[in-house]
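**Q** everything below, folded, please.
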Amino acid sequence: DVCSSDLLLGSIHVGSRDFNPLPREVEDAFESSTALVVEADVKHLDKQKMQALIQEEVLYPGQDQLWNHVSKETRQNLEQFCSTYEIPVETLAKMKPWMASVMAVAMSMKKVGTNPGTGIDQYFLDRSEQAKDKKRAVEIESADSLFKLISGLADDIQENLLADMMEAAARWPERINRME
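**A** Reported below is the predicted structural model:
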């Protein structure tokens with residue numbers, strides 16, 4: 001039984017349809033809440049602003065490519081990762097390492113049956129708009145501030161993020177099965 005007016009639930013950005021409904025305590029806490037606090041409110045993004053941000057913070061300009069910013073080993077590992085998950089590696093070549101990791105992860109997770117549309121944040125953002133007493137969504141950080149923060153990391157740190165994400169991806173099918 002939830003005995004507090006606040007409930008903290010961690011973000012799970014991707015999930016499967018089997019995640020829902022959530023435990024009754026979580027659903028009850030949501031129903032009795034007046035607001036929903038999320039990492040970023042992805043339902044109300046300014047699409048034009050995000051397009052400009054992607055050009056500025058996500059993609060390399062001109063002829064510059066990901067391969068100029070990562071080691072030969074990371075490139076080989078990414079090419080192997082993309083081959084394993086049937087992801088065209090060319091789709092990542094213009095992206096900065098942090099975004100290449102996000103996209104590679106998203107595409108590989110989709111291949112193992114998960115979907116960003118079924119994550120916890122998305123689930124509650126959808127529910128908050130459908131609730132008869134529409135709940136106010138409060139974001140902790142904006143998507144653009146997050147993009148700028150991560151994009152501002154040094155190349156070697158971004159490369160480490162990419163390497164870590166590829167390593168973690170190998171264990172996802174097992175982890176997802178345990179969560180269901």
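**Q** now do the helices in this protein.
**A** With DSSP state H as the criterion, the chain has helices at 24-32, 47-53, 72-84, 97-111, 120-130, 143-151, 155-169, 172-179.
**Q** now for the shortest one, which elements pack on it?
**A** Looking back up the chat, that one is helix 47-53. helix 143-151 (3 or more CB pairs under 8 Å, 6 or more residues apart in numbering; DSSP states H and E). (C-beta placed from N, C-alpha, C; glycine too.)
**Q** hmm, 6 Å instead?
**A** The criterion is 3 or more CB pairs under 6 Å, 6 or more residues apart in numbering; DSSP states H and E, and there are no helices or strands that helix 47-53 contacts.
**Q** closest one to Asp41 among the helices of the chain?
**A** Comparison of the helices of the chain against Asp41 by CB to CB identifies helix 120-130 as nearest, at 6.8 Å.
**Q** list every C-alpha atom in that closest one, with coordinates, as PDB.
**A** Only the C-alpha atoms of helix 120-130 are listed here, as PDB (Å, rounded to 0.1, in the frame of the first residue of the first chain):
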ATOM      1  CA  ILE A 120       7.300   3.900 -18.600                       C
ATOM      2  CA  ASP A 121       7.700   7.600 -19.500                       C
ATOM      3  CA  GLN A 122       5.700   7.300 -22.700                       C
ATOM      4  CA  TYR A 123       3.000   5.200 -20.900                       C
ATOM      5  CA  PHE A 124       2.400   7.800 -18.200                       C
ATOM      6  CA  LEU A 125       2.600  10.700 -20.600                       C
ATOM      7  CA  ASP A 126      -0.100   9.100 -22.700                       C
ATOM      8  CA  ARG A 127      -2.200   8.300 -19.600                       C
ATOM      9  CA  SER A 128      -1.800  11.800 -18.200                       C
ATOM     10  CA  GLU A 129      -3.400  13.300 -21.400                       C
ATOM     11  CA  GLN A 130      -6.200  10.700 -21.400                       C
END
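**Q** what packs against it?
**A** Helix 120-130 packs on strand 35-38, going by 3+ CB pairs under 6 Å, 6+ apart.
**Q** on that earlier part again, please work out which of the helices of the chain is packed deepest.
**A** helix 97-111 (a mean of 20; mean count of other CB atoms under 10 Å).
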